[in-house]
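Visitor: Predicted coordinates and the sequence they were generated for:
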Amino acid sequence: MLTRLIRDLPQANGAGIVMLLTGAALLLLVGLPLLYVVLQAIFPGWSRGQLTGAFGLFVPLLSDPALLGLLGNTLRLGIAVVVVCALLAIPLGALRALTRVPGGIAWDVIFLIPFMIPPYIAALSWMLTLQPRGYAEQLSGLSANAFLFSFPGIVFVMVLNVFPVVYFAVSRTMMSVGGRYAAAARVSGAGGWRTFWRITLPLSTPGIAASLLLVFALTTEEFGTPATLGAQAGYKVLVTGIHERFADWPIDIPGAAVLSLLLVMLAMAAFYLQHWLVTRRSFVSQTGKPAPVERTELGLWRWPVLGLFGLVAMASVAVPILAVLATAFTGTLSGGLTLENLSLRHFEALLANRGGALQALSTSLGLAIGAALVTGVLGALVGYLVVRAHLRGKGLLDFLSLLPNAMPGIVVAVGLILAWNQTWWPIQVYNTGAMLLLAYACLLLPYPVRYASAAFRQMNENLEAAARVCGAGFFTTFQRILLPTLAPSLLVSMLLVFAIASRELVASLMVAPAGMRTVSTFVFGQFEQGSPGIGMAMSAVAVFTTTALLVALAMFSRKRLPIAG
Amino acid sequence: MQVLKPLALGVSLFALPGLATASALTVYSAGPGALIENLAADFTQVTGIEVNVFQSTTGQVMARLESERANPLADVVISASWESAVSLHDQGLLHEYRSPNAATVPDFLKSDHYVAQGVSALALVWNRDSDVSQPADWSDLTDAAYRNQVTMPDPAQSGAAFELLTGLLTAKGEDATWSLIDALIENDMIVPGPNARALNPVLQGAKSVVFGAVDYISLGQQAEGEAIEVIFPESGTVIAPRPMMILASTNMPSEAEQFIDFVLSEQGQARVAERYLMPSRTDIEALRPTLEELTLIEVDSEAMNAQREVILGRFREATDR
């Protein structure tokens, strides 16, 4: 097997070694924790070092009639969110890529913000806004309790959290497809709409399919929203079932591991569907000749388009942020939105605890940058390997790189603990900040991999061939040819990684070393202890800091950063 | 080679934080976070021993202990569920120690392997600005006036709420308890999740009363100006002691013992009282009603915990209807 692997690897330049290293890194980062989760599911006593009772849990757990309901609910939620996301974000992304939407890049920055608001904070914000006596009722007399705590309400809040994944994928893909082929179609006499339906949209399928797959996995894995809204709506999903096994004594890790494997299988099914969609035909649309995107002028249509962008920004950014700010700036929740209740005391408390708060903020930002860099490099390499290498088992690599998205954060965390908290490792990684970096890199690797492999699928192989003919080695080709072509997609995915890593909660709670706090664990702790005001104040500080960082980045590298379009 | 620069940066990020944890006492504690942070800081000041704190919910702390079984890292564990200490002890995981400072801790709050840090009780929490009148007892909430106005923490996710169920079962008997729960659900009581999630709607006024809230959180919020009242029902309530224990696997038993001694010292117990918990030592003044002032239901926890699945199953049956 190994000799065959080595034989199949591209020879000659540095490529073979890089690929071996990439494969090894992927196995270490994703394969290892997953292996430990599987072992834990098979051997209930694994964490205690016992190998008795293998497979003993599968039958009683899987024959539980309640499980079918959980599974059905999870599927229904995942599909509903994917459909609504597609309906909302594909038009938005297409408009952004192909027309001159007034505001341009500003919308990209705005639509990154939903990612920096932790889902449970967003859900809580909607609750504080829409429940009886909530902010909406205090301001306008309206409340929408029945809607919020229902299946459509959960879908609504989750779509607002995850639609940017699709928006960015669609707009980046269409920007790169849009130019030459659309121009060719226009020259051949096709109208604008016809070009869109027959050329641009079909050629963008890899990017769209990949992002919808991410949304599906993200939705089935997400815990914050179903836990906050679902419990009241009576809507239980698989993840809430998994978390319940961790929530209170006695802890049932083996049971949670078995249920996680079910989730992984769900994701596997979705993965094969997407794989089937994007490998049926060729989507090569980049031959290396530069072709500026010709953006359609919107004319009078710019007002309804602007309205649509504004409405989405309002719901996904303004409402949650305003609710966060309202809670942070009012002295008490029961006092409501009155002038007398206006208070800075939560920020004062934050300032008094600035050691803890600052440490949490810098830890989170540092880790998020680290995670973005690690996953960016690895994601580009894995994407290349999966699309380009003539290598057996690359399907497995592709699948492995998506898996973390299907595993609930808490399960990845447990897998990481089981794998790394062993005395036989030469370097003790466990109980250091590196565990958090490992966890983030593992959980978020799917983003760069998805975005990068979709980009590679659109790239003509002749580009590399040409580079090799001209005498470039693997590194030169990668750096001079592949990376620049890849950069728009990869950078956006790294920004997503940064945004999500800066607020990841579930895994952070589990693997953060004693004595280290991240923004999310800090905020969560405040809620736990009944100080929602301080928690919201910290959330506000964190969201504004990360957004400011991104805006600064976009300003400084306006020419080079593709997000600046 | 430009590709490798970020990699190198990432690797250096890996290496840096490793320095933080050398030879310090590691404490895993359930909330409140401010309490354990103050205790750790005071302890370091008094003894010079560094403390690393991991603070989370009881569930997270226990999940972490469980997944670290192969190589335990914690020295001292503070939980909010007495039963978790009993269970860890049954598995032989606890170090035997009786602190000299525990002399004035009542017998039922200490054993050879664990001792209470402080005690909380379960209560009704009522929003003063709500349209319903102040309830006095658990069963008041079945009245039609409280329709759609009551929340309760999920006993499957909150150990304290489970204790309340066992208390009611002990005091009222099975039939009366379950018909009370059924009547509450009939009255549109919601069960939204663990403690904080049950309390939140009541703070803003979406709901009016929490049935079975952990008292110290609400007392703290009341002190900060929230318009809520914490009511201990006259028919009796249950307490939730917070056990502290030393893991048998510790490399620093004497430092861990010093830590337990410190939490049970006057200074440490004053910190506990500050958070509106009852100090476990009876000779330390509390800022709130204490064990003597509350009507307590005595629960045979061992018998009740043996039936845990049955009780939770029956509760789920009521809520799923």
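Guide: Okay, I see it.

Visitor: What is the helix or strand harbouring residue A:369 packed up against?
Guide: Using DSSP states H and E, residue A:369 falls within helix A:354-388. If contacts are counted by 3 or more CB pairs under 8 Å, 6 or more residues apart in numbering or on different chains; DSSP states H and E, helix A:354-388 sits against helix A:15-26, helix A:394-402, helix A:434-444, helix A:446-458, helix A:483-501, helix A:519-528, helix A:532-556, helix B:4-15. For glycine as for every other residue, the C-beta is placed from the backbone atoms N, C-alpha and C.

Visitor: Out of the ones you listed, which gets nearest to residue A:379?
Guide: Among the helices and strands packed on helix A:354-388, the nearest to residue A:379 by CB to CB is helix A:446-458 (2.3 Å).

Visitor: pLDDT of the helix or strand hosting residue A:124, averaged?
Guide: According to DSSP H and E, residue A:124 maps onto helix A:119-130. The average pLDDT within helix A:119-130 is 91.

Visitor: ok, residues contacting it?
Guide: Helix A:119-130 is contacted by residues A:114, A:117, A:134-136, A:143-145, A:147-148, A:157-158, A:160-161, A:222-225, A:227-229, A:319-321, A:323-324, A:326-327, A:333, A:505, A:523, A:532, A:536, A:539, B:200-201, B:204 when judged by CB atoms under 8 Å, 6 or more residues apart in numbering or on different chains.

Visitor: what angle separates that helix from helix A:532-556?
Guide: Using axes from the mean of the first three to the mean of the last three CA atoms, to 10 degrees, one finds that helix A:119-130 and helix A:532-556 are set 120 degrees apart in direction.

Visitor: Are the next helix or strand after helix A:119-130 and chain B in contact anywhere?
Guide: Moving toward the C-terminus from helix A:119-130, the next helix or strand (DSSP H and E) is helix A:135-140. No. Using CB under 8 Å from any CB of the partner chain, helix A:135-140 never reaches chain B; the gap is at least 8.7 Å.

Visitor: Can you list the buried residues in the next helix or strand after helix A:135-140?
Guide: Sequence order places helix A:145-148 as the next helix or strand after helix A:135-140, per DSSP H and E. For helix A:145-148, burial by neighbour count (16 or more other CB atoms under 10 Å in any protein chain shown) applies to A:145, A:148.

Visitor: What separation do you get for the residue lying closest to residue A:524 once chain neighbours are set aside and chain B?
Guide: Counting by CB to CB, 6 or more residues apart in numbering or on different chains, residue A:524 lies nearest to residue A:505, which is 5.9 Å off, once chain neighbours are set aside. With distances taken as CB to the nearest CB, to the nearest Å, residue A:505 is found 11 Å from chain B.

Visitor: With residue A:66 instead?
Guide: Here residue A:66 is placed at a distance of 9 Å from chain B (CB to the nearest CB).

Visitor: how about the helices and strands packed on helix A:354-388, which one is nearest residue B:236?
Guide: Nearest to residue B:236 among the helices and strands packed on helix A:354-388 is helix A:519-528 (27.3 Å), distances taken as CB to CB.

Visitor: Quick one: mean pLDDT for the closest one?
Guide: Mean predicted confidence for helix A:519-528 is 85.

Visitor: Likewise for stretch B:177-190?
Guide: 94.

Visitor: same deal with stretch B:47-62?
Guide: In this model, stretch B:47-62 has a mean pLDDT of 88.

Visitor: quick one: that stretch near chain A?
Guide: Yes. Residues of stretch B:47-62 contacting chain A under CB under 8 Å from any CB: B:51-60, B:62.

Visitor: Just the buried positions in that stretch, please.
Guide: Judged by neighbour count using 16+ other CB under 10 Å, the buried positions of stretch B:47-62 are B:49-62.

Visitor: what separates residue A:71 from residue A:244, distance-wise?
Guide: 15 Å (CB to CB, to the nearest Å).

Visitor: Sitting in helices, which of the buried residues of stretch B:47-62 do you find?
Guide: B:58-62 (DSSP state H).

Visitor: could you list every residue that touches residue 166?
Guide: Defaulting to chain A. Counting by CB under 8 Å, 6+ apart, residue A:166 has contacts A:85-86, A:88-90, A:93, A:208, A:211-212, A:215.

Visitor: I was after chain B.
Guide: By CB under 8 Å, 6+ apart, the contact list for residue B:166 reads B:238, B:299, B:301, B:304, B:311.
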